[in-house]
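Peer 1: Sharing a model that was predicted from the sequence below.
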Amino acid sequence: MSCLSRRAALGGGLAVAGAALLSGRGFARPAALPPRTTAPATGERRLSLVAAERSARLLGPERPATPVWSYGENLLDVVRIRLGETVVAELDNRLPEHTAIHWHGLRIPNDQDGVPYVTQPPVKPGERHGYRFTPPDAGTFFFHPHCDTVAQLGRGLANVLIVEGDETAPYDADLMLTLKDWRIDEQTGAFLAFSTPRGALRAGTFGTVRSVNGGPAPRLSVPAGGDVRLRLLNADSTRVGDIGVEGAEAAVIAIDGNPVAPFSLKDWRLGSAMRLDLVVRAPAAGKEARLMDFFAAEPVLLATLAGEGEDRPRRAFDPAPLTRSAVPEPKLKGAERLSFAFATASTRKTALAVAADDDPLAAAMLDSLCAATTTNWTINREAWPAGDHSRLPKPLALLRTGRTYVAELSNETPHVHPIHLHGFTFKVLKSSKRALPVHFADTVLLTPKERITIAFVADRPGDWMIHCHLIEHQETGMMGYLKVV
Ligand code: C2O
Ligand code: CU
């Protein structure tokens, strides 16, 4: 079947995934996730993260190299730790501008959240900064800077963080696939401008070269007939993928690292920062399956899975679920209501004219690394930085520690926005447009004019960012924070 007729047969994406879910997930195992039975690990994991410019051959071995930024010798490196281990990370900034590390999706204390001026001072060139926390959840996460993100992430500054310890039965393989586009001049290998006024006002400025794990679509040998865990991360600042598998059965087992009762993958929209864990039944020896992005007019191959070795015995595809996480369950009865409207800015505000005093928060307003001087987008009619404020803008909402909040996220624009909340893993309850499975996430894609209802327990105090993860939208206003006291 061609890709187009496959799409037609699916009848339009997520609606089908949802419907399949509602009428039974297609698997024999019960929907309730099993509890963890093994004790968490202990001890410390030391990470030395030297943020610096390095050279990478993103265009191929014979082509000019690109001056990427990375945290070590390996671009988009994958760090694996065990649930229970304490991360002790040292950032050594050898870049020409300040930076910091945001641990995306990790439910850790606010002072470790890595947002310059909001949760920590920026780490200046030549400075070091330590982070220390114990991730409370297993899953697929990543970390990246939080100022000048369009350029720093655009140059490659991000690593994957996998917290192991969520499997009930080990899969036959566990592979990480990081999707990212690069804006490179194909003649010289140099970076192109990371943002354009036109892109920032619309669906973002797309890369010129796509990559998976920093290279062309890989061919992965997988144990024939085995159950393979594929962890996908969209580390791009702009592109939304529509992930599907051809030639093999596939199930979703986790969303943004959060386990779900396995359900059949039809296709899944993966916006910036979103993760998806799949189990794919590997093809027989000598056969192939393909991981695809169907979003583009011409479907794009992301990876080929080649079955190799002795075929595993034939059996029904019924993937083992992951264990239940420790994310607090929102208590919807009596919950407080919030609403966030994501919209375009009605008037174009220009650069801040703020007198710099010795207040670091006022300085943040003048620090062009942390927000662009153009305002294209707003949350609840406010843009960050909010026009003439001489301090951090007011929080979008004031929350009380320990309470459950139900929030309606409404997209008043004709563009998609992957909306990310720091610190709290939220439950996606429903959409006004699509049959979405109820699931936990830290980033949710708002399609044009869509309203999505989420709920979460504000269980840790602090100033927690909420923003669009389409980075040009974030940096031109679609960013704010919630104050939990
Ligand atoms: Cu992945 Cu506030 O970011
Ligand atoms: Cu957006």
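Peer 2: All right, it came through fine. Ligands and ions are numbered 1, 2, ... in the order given.

Peer 1: host element of the nearest residue to residue 148 once chain neighbours are set aside?
Peer 2: Excluding the flanking residues, the one nearest residue 148 by Cβ to Cβ, 6 or more residues apart in numbering is residue 369, at 4.2 Å. For glycine as for every other residue, the C-beta is placed from the backbone atoms N, C-alpha and C. Residue 369 is part of no helix or strand when elements are defined by DSSP states H and E.

Peer 1: and the protein, which of its residues are near ligand 1?
Peer 2: Counting by Cβ under 6 Å from any ligand atom, the chain comes close to ligand 1 at 102, 104, 144, 146, 273, 420, 422, 465, 467, 469.

Peer 1: Turn these into JSON lines, columns for distance to residue 443, secondary structure and pLDDT.
Peer 2: Listed next are these as JSON lines, based on distance: Cβ to Cβ, whole Å; DSSP: H, G, I helix; E, B strand; the rest coil; pLDDT from 0 to 100:
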{"residue": "102", "distance to residue 443": "12", "secondary structure": "strand", "pLDDT": "98"}
{"residue": "104", "distance to residue 443": "8", "secondary structure": "strand", "pLDDT": "98"}
{"residue": "144", "distance to residue 443": "13", "secondary structure": "strand", "pLDDT": "98"}
{"residue": "146", "distance to residue 443": "14", "secondary structure": "coil", "pLDDT": "95"}
{"residue": "273", "distance to residue 443": "5", "secondary structure": "coil", "pLDDT": "98"}
{"residue": "420", "distance to residue 443": "4", "secondary structure": "strand", "pLDDT": "98"}
{"residue": "422", "distance to residue 443": "10", "secondary structure": "coil", "pLDDT": "98"}
{"residue": "465", "distance to residue 443": "12", "secondary structure": "strand", "pLDDT": "97"}
{"residue": "467", "distance to residue 443": "10", "secondary structure": "strand", "pLDDT": "97"}
{"residue": "469", "distance to residue 443": "6", "secondary structure": "coil", "pLDDT": "98"}
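
Peer 1: between the residues you listed, which is nearest ligand 1?
Peer 2: residue 104 (3.7 Å; Cβ to the nearest ligand atom).

Peer 1: re earlier: pLDDT score assigned to the residue nearest to residue 148?
Peer 2: Looking at residue 369, its pLDDT reads 80.

Peer 1: still on that earlier bit, rebuild the residues of the chain next to ligand 1 as CSV, extending it with neighbour count.
Peer 2: Below are those laid out as CSV (neighbours: other Cβ atoms under 10 Å):
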residue, neighbour count
102, 23
104, 25
144, 23
146, 29
273, 26
420, 24
422, 27
465, 22
467, 28
469, 25
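
Peer 1: and the helix or strand containing residue 291, what other elements does it pack with?
Peer 2: If you go by DSSP H and E, residue 291 is part of strand 288-293. With contacts defined as 3 or more Cβ pairs under 8 Å, 6 or more residues apart in numbering; DSSP states H and E, strand 288-293 has these neighbours: strand 241-246, strand 300-308.

Peer 1: Deepest in the core, which of those strands is it.
Peer 2: Comparing the helices and strands packed on strand 288-293 by mean neighbour count (mean count of other Cβ atoms under 10 Å), strand 241-246 ranks first with a mean of 22.

Peer 1: So what are the sheet partners of it and their directions?
Peer 2: strand 268-270 (antiparallel), strand 288-293 (antiparallel) (DSSP bridges).

Peer 1: What's the mean pLDDT across stretch 475-485?
Peer 2: 95.

Peer 1: picking that back up, between the helices and strands packed on strand 288-293, which gets nearest to residue 118?
Peer 2: Closest approach to residue 118 among the helices and strands packed on strand 288-293 (Cβ to Cβ): strand 241-246, 29.5 Å.

Peer 1: Just the angle for the following helix or strand past that closest one relative to strand 288-293, thanks.
Peer 2: Per DSSP H and E, the first helix or strand lying C-terminal to strand 241-246 is strand 250-255. In terms of direction (axes from the mean of the first three to the mean of the last three Cα atoms, to 10 degrees), strand 250-255 departs from strand 288-293 by 50 degrees.

Peer 1: neighbouring contacts of strand 250-255?
Peer 2: 17, 27, 139-140, 166, 229, 244, 259-260, 262-265, 268, 274-281, 317, 319, 321-322, 439-441 (Cβ atoms under 8 Å, 6 or more residues apart in numbering).

Peer 1: Output the strand of greatest length in the chain as PDB, nothing but the C-alphas.
Peer 2: For the chain, the strand that runs over the most residues, judged by DSSP state E, is strand 44-56. Output of strand 44-56 as PDB, limited to C-alpha atoms (Å, rounded to 0.1, in the frame of the first residue of the first chain):
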ATOM      1  CA  GLU A  44      25.400   9.300  42.400                       C
ATOM      2  CA  ARG A  45      25.800   9.800  38.700                       C
ATOM      3  CA  ARG A  46      28.400  12.400  37.900                       C
ATOM      4  CA  LEU A  47      28.000  14.200  34.500                       C
ATOM      5  CA  SER A  48      30.600  16.500  33.200                       C
ATOM      6  CA  LEU A  49      29.000  18.700  30.600                       C
ATOM      7  CA  VAL A  50      31.500  20.900  28.800                       C
ATOM      8  CA  ALA A  51      29.400  23.200  26.600                       C
ATOM      9  CA  ALA A  52      31.700  24.200  23.700                       C
ATOM     10  CA  GLU A  53      31.900  24.600  19.900                       C
ATOM     11  CA  ARG A  54      33.000  21.400  18.200                       C
ATOM     12  CA  SER A  55      33.100  20.300  14.600                       C
ATOM     13  CA  ALA A  56      30.600  17.800  13.100                       C
END
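
Peer 1: okay, how far is it across stretch 327-341, tip to tip?
Peer 2: 26 Å (Cα to Cα, to the nearest Å).

Peer 1: Could you number the chain from 199 rather than 1 from now on?
Peer 2: Right, with 199 as the first residue, what we last looked at is stretch 525-539.

Peer 1: Tell me which residues are up against that stretch.
Peer 2: 305, 335, 456, 577-579, 594-595, 597, 601-608, 610, 617, 623-625, 638, 653-655, 657, 664.

Peer 1: Would you show me how to pick out the buried ones of the residues you listed in ChimeraX?
Peer 2: Selection of buried members from the contacts of stretch 525-539 for ChimeraX, criterion 16 or more other Cβ atoms under 10 Å:
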select :305,335,456,577,594,595,597,601,602,603,604,605,606,607,608,617,623,624,625,638,653,654,655,664
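
Peer 1: Is the nearest residue to residue 652 once chain neighbours are set aside bridged to anything, and to what?
Peer 2: In this structure, residue 652 finds its nearest non-sequential neighbour in residue 624, 4.2 Å apart by Cβ to Cβ, 6+ apart. Beta bridges link residue 624 to residue 639 when assigned by DSSP bridges.

Peer 1: can you tell me how far residue 456 sits from residue 636?
Peer 2: Residue 456 sits 11 Å away from residue 636, going by Cβ to Cβ, to the nearest Å.
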